[in-house]
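Asks: below is the sequence, then the predicted model.
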Amino acid sequence: MELTEYIHQSFVDSAQTILEAAEPLAEPIALAAEHMVQSLLNDGKILACGNGGSAADAHLFASTMINRFERERPGLAAISLTSATATLTSIANDYDYGLVFARQVAALGGPGDVLLAISTSGSSRNVLEAVRIAHEKEISVVALTGRDGGDLAEMLNEEDVLICVPAETTARIRETHLLAIHCLCDSIDNLLLGT
């Protein structure tokens, strides 16, 4: 297969994955947006975390909430737990990298907040620890994952929302995560501002 054909096939595979995810993910994305809006309207905030590309997604989500998505609106309370380099490295150095998000959730989160926990595999230890602390603090969780949801899916309780991309390839999961995040942002704006 020539390189151009290989690239073309990646586009086709990505589009097919996204189309196949549309039906199973629409309802949980809508439910997650409703949970987030409820929290924001009650003076809560959204905390977001993930590793690697998922860290970038968490940062993108929080910055879009604080600034804006497609329409003008006041900033919304969101914190990316991936962006405080000094905090991340001090926790990793003094304790353990597995606690870099959990200690932030413990310090910054409170009842009624929402944790957006992003892990393509559903098995990132530091994300799982953040979810554990979130539950202890009565913080609901929106889990954005893939494959079978991994340990993350198994940790969720009835107040939480699972958005699990039905794909195996990390690249396809991450591409669909980006669309899911855009849908979340747009849905939050629609719920707050109207369509």
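Replies: Cool, got the structure. Everything numeric in this text was worked out from a predicted model, so none of it was measured. Numbering: from 1, shown residues only.

Asks: can you give me the strands for this protein?
Replies: 46-49, 78-80, 114-118, 140-146, 161-165 (DSSP state E).

Asks: next, format those strands as JSON lines and append mean neighbour count and distance to H59.
Replies: The C-beta positions use only the backbone N, C-alpha and C, and glycine is treated the same way. Below are these laid out as JSON lines (neighbours: other C-beta atoms under 10 Å; distance: least, C-beta to C-beta, whole Å):
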{"stretch": "strand 46-49", "mean neighbour count": "28", "distance to H59": "8"}
{"stretch": "strand 78-80", "mean neighbour count": "22", "distance to H59": "4"}
{"stretch": "strand 114-118", "mean neighbour count": "28", "distance to H59": "10"}
{"stretch": "strand 140-146", "mean neighbour count": "26", "distance to H59": "14"}
{"stretch": "strand 161-165", "mean neighbour count": "23", "distance to H59": "18"}
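
Asks: which among those is found nearest to I133?
Replies: With C-beta to C-beta, the closest approach to I133 among the strands of the chain belongs to strand 114-118: 8.7 Å.

Asks: now do the contacts for the residue nearest to C185 when sequence neighbours are not counted.
Replies: Counting by C-beta to C-beta, 6 or more residues apart in numbering, C185 lies nearest to F69, which is 4.1 Å off, once chain neighbours are set aside. Going by C-beta atoms under 8 Å, 6 or more residues apart in numbering, F69 touches H182, C185, D186, I188, D189.

Asks: E34 is nearest to which of the strands of the chain?
Replies: Per C-beta to C-beta, nearest to E34 of the strands of the chain: strand 161-165, 9.0 Å.

Asks: all helices of the chain, in order?
Replies: Along the chain, counting by DSSP state H, helices occupy 3-41, 53-66, 85-94, 102-108, 125-136, 150-155, 170-193.

Asks: name the helices or strands packed onto the fourth one?
Replies: Under the contact definition 3 or more C-beta pairs under 8 Å, 6 or more residues apart in numbering; DSSP states H and E, helix 102-108 sits against strand 46-49, helix 85-94, helix 125-136.

Asks: how far off centre is it?
Replies: 16 Å (C-alpha atoms, centre = their mean, to the nearest Å).

Asks: what are the buried residues along that helix?
Replies: Within helix 102-108, the residues scored as buried using 16 or more other C-beta atoms under 10 Å are A102, R103, Q104, V105.

Asks: pipe those into a markdown table and attach pLDDT and distance to A117 per row.
Replies: Formatted as a markdown table, the buried residues of helix 102-108 follow (pLDDT from 0 to 100; distance: C-beta to C-beta, whole Å):
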| residue | pLDDT | distance to A117 |
| --- | --- | --- |
| A102 | 98 | 11 |
| R103 | 98 | 15 |
| Q104 | 98 | 12 |
| V105 | 98 | 10 |
